[in-house]
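Q: From the sequence below, what's the structure:
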Amino acid sequence: MEEIVVGNKPLGPKKKPKIRRLTWQNIKAQRQLIWMSVPLLAYIIIFAYVPVWGWTMAFQDYKPARSFSQQTWVGFKHFQFLFTDDNFLRVLRNTLAMSIINMILGFVTAIVLALLLNEIKKIMWKRTVQTISYLPHFLSWIIVTGIVATSLASDGIVNDILMKLHLINEPILWLTEGKYFWGVVASSHIWKEVGWSTIIYLAAMASIDPAQYEAADIDGANRYQKMWNVTLPGIKPTIVILLIMSIGHILEAGFEVQYLLGNGLVVDWAETIDIFVLKYGIAQGNYSLATAGGIFKTVVSITMLLVANWTAKRLGEERLL
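A: Next up, the predicted model:
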């Protein structure tokens, strides 16, 4: 064991965290919870694991009219096509770009809003602002994209405001130019989810010891200094864990908002892996290629989740040591 040293005086060995071993006694004590989890486990097996059998289509020239034994096996032919196809590489670029933009802006805006809400002293005003900010979370993407499309129309409120402020001379067709599309998607995600994302940060801020703020007051810190030196360090573990978990969904750029706001003029910027799978699997009937694209996305997500879990475990062990 390593020793904890303060100055030149050892205070003794570090205590390693105790690992609770699974025994029949523990299982028996938790049998009610185990029985309650059986329906959920059955649901996961039936709807999550059994369909994995369909992955075999990615290694076949799948024809719906043929039985499994009559299918032609082609190995990694479809995967080779994916990684050499310009369309798939473009789709991968779009997916990664929109996912990273949404993740970064989502984290920053949620943390900033949580910090500002935490500084509001009047409870009624704080609850009102928080309620208004997370209400869009409960709207479906159909409604949200309708609001976005109406607001960004040539005679919409966005163009009206910009023209009255003399920032533009003529209306901008936001949804017909690819260079604006990623920004529109990111803004839509932030407006819909930022209020909901602040809830966990506010909960983490509530657990910070008030004595730290009192000590900062004694040291003469102002509100901004307390936010930077007390609040942010206090929620740092929460930020790190949520960031690590988000990395596992790096290829989850979305489907509904891109599909509903996209059109032929911005297809080179709007198409994601999910839309690619839908396009080839349903519209063109190339089920094997669509399945290969879905497998690629799943494998990347699983790999990132394993890395995220390993990192979270290491961070947790370091905090306990």
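Q: ok, and the closest non-adjacent residue to Thr109?
A: Distances taken as C-beta to C-beta, 6 or more residues apart in numbering put Val194 closest to Thr109, at 4.9 Å, once the chain neighbours are dropped. C-beta here means a position set from N, CA and C on the backbone, and glycine is covered the same way.
Q: For the closest residue in space to Ile208 that isn't next to it in sequence, grab the count of nearby residues.
A: Spatial nearest neighbour of Ile208, excluding adjacent residues (C-beta to C-beta, 6+ apart): Gly234 at 3.9 Å. Applying other C-beta atoms under 10 Å, we find 16 other residues in the vicinity of Gly234.
Q: what helix or strand does Gly234 sit in?
A: Using DSSP states H and E, Gly234 sits within helix 232-247.
Q: and the following helix or strand past that helix, what does it pack onto?
A: Using DSSP H and E, the helix or strand that follows helix 232-247 in sequence is helix 256-261. For helix 256-261, the elements it packs on are helix 141-151, helix 178-206, helix 273-278, judged by 3 or more C-beta pairs under 8 Å, 6 or more residues apart in numbering; DSSP states H and E.
Q: mind putting those in TSV, mean pLDDT and distance to Ala97 included?
A: What follows is these, written out as TSV (pLDDT from 0 to 100; distance: least, C-beta to C-beta, whole Å):
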stretch	mean pLDDT	distance to Ala97
helix 141-151	92	19
helix 178-206	91	6
helix 273-278	86	12
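Q: Check what pLDDT Gln40 gets.
A: I think there's a mix-up here, since residue 40 is Leu and not Gln. Leu40 is assigned 91 on the pLDDT scale.
Q: residue ranges with poor pLDDT in the stretch 1-150 of the chain?
A: 1-20 (pLDDT under 70).
Q: So the spatially closest residue to Phe107 that is not a sequence neighbour versus Pro210, what's the distance?
A: Leaving aside its chain neighbours, Phe107 sits nearest to Leu243 (6.6 Å; criterion: C-beta to C-beta, 6+ apart). Distance, Leu243 to Pro210, using C-beta to C-beta, to the nearest Å: 27 Å.
Q: Looking only at neighbour counts, state which of these two leads.
A: Leu243 (14 against 7).
Q: I'd assumed Gly106 was in contact with that one.
A: No: under the criterion of C-beta atoms under 8 Å, Leu243 is not in contact with Gly106, lying 10.5 Å apart.
Q: Of all the residues in stretch 281-296, which ones are buried?
A: Gly281, Asn286, Tyr287, Ser288, Leu289, Ala290, Thr291, Ala292, Gly293, Gly294, Ile295, Phe296 (16 or more other C-beta atoms under 10 Å).
Q: What about the residue nearest to Thr109, how many residues nearby?
A: Val194: 22 neighbours (other C-beta under 10 Å).
Q: residues touching it, list them.
A: Counting by C-beta atoms under 8 Å, 6 or more residues apart in numbering, Val194 touches Gly106, Thr109, Ala110, Leu113, Ser133.
Q: ok, so of the residues you listed, who is nearest Gly220?
A: Gly220 has its nearest neighbour among these in Leu113, at 27.2 Å by C-beta to C-beta.
Q: Kindly confirm whether my reading is correct that the closest one touches Thr198.
A: Yes: the pair Leu113 / Thr198 is scored as a contact, 5.0 Å apart, by C-beta under 8 Å.
Q: Could you check which of those two has the larger neighbour count?
A: Of the pair Leu113 and Thr198, Thr198 is the one with more neighbours under other C-beta under 10 Å, namely 24 against 21.
Q: quick one: contacts of stretch 196-207?
A: Residues from elsewhere that reach stretch 196-207, judged by C-beta under 8 Å, 6+ apart: 106, 110-111, 113-114, 117-118, 130, 133-134, 137, 231, 234-235, 237-239, 242.
Q: Find the nearest non-adjacent residue to Ile172, please.
A: Asn159 (6.3 Å).
Q: any idea which helix or strand carries that neighbour?
A: helix 157-164.
Q: mind checking how far that helix is from the chain centre?
A: Put simply, helix 157-164 sits 32 Å off its chain's centre (C-alpha atoms, centre = their mean, to the nearest Å).
Q: pull the CA atoms of that helix into PDB?
A: C-alpha atoms of helix 157-164 as PDB (Å, rounded to 0.1, in the frame of the first residue of the first chain):
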ATOM      1  CA  ILE A 157     -39.300  36.400 -37.300                       C
ATOM      2  CA  VAL A 158     -35.500  35.800 -37.600                       C
ATOM      3  CA  ASN A 159     -35.100  37.700 -40.900                       C
ATOM      4  CA  ASP A 160     -37.500  40.400 -39.700                       C
ATOM      5  CA  ILE A 161     -35.400  41.100 -36.500                       C
ATOM      6  CA  LEU A 162     -32.100  41.000 -38.400                       C
ATOM      7  CA  MET A 163     -33.400  43.400 -41.100                       C
ATOM      8  CA  LYS A 164     -34.800  45.800 -38.500                       C
END
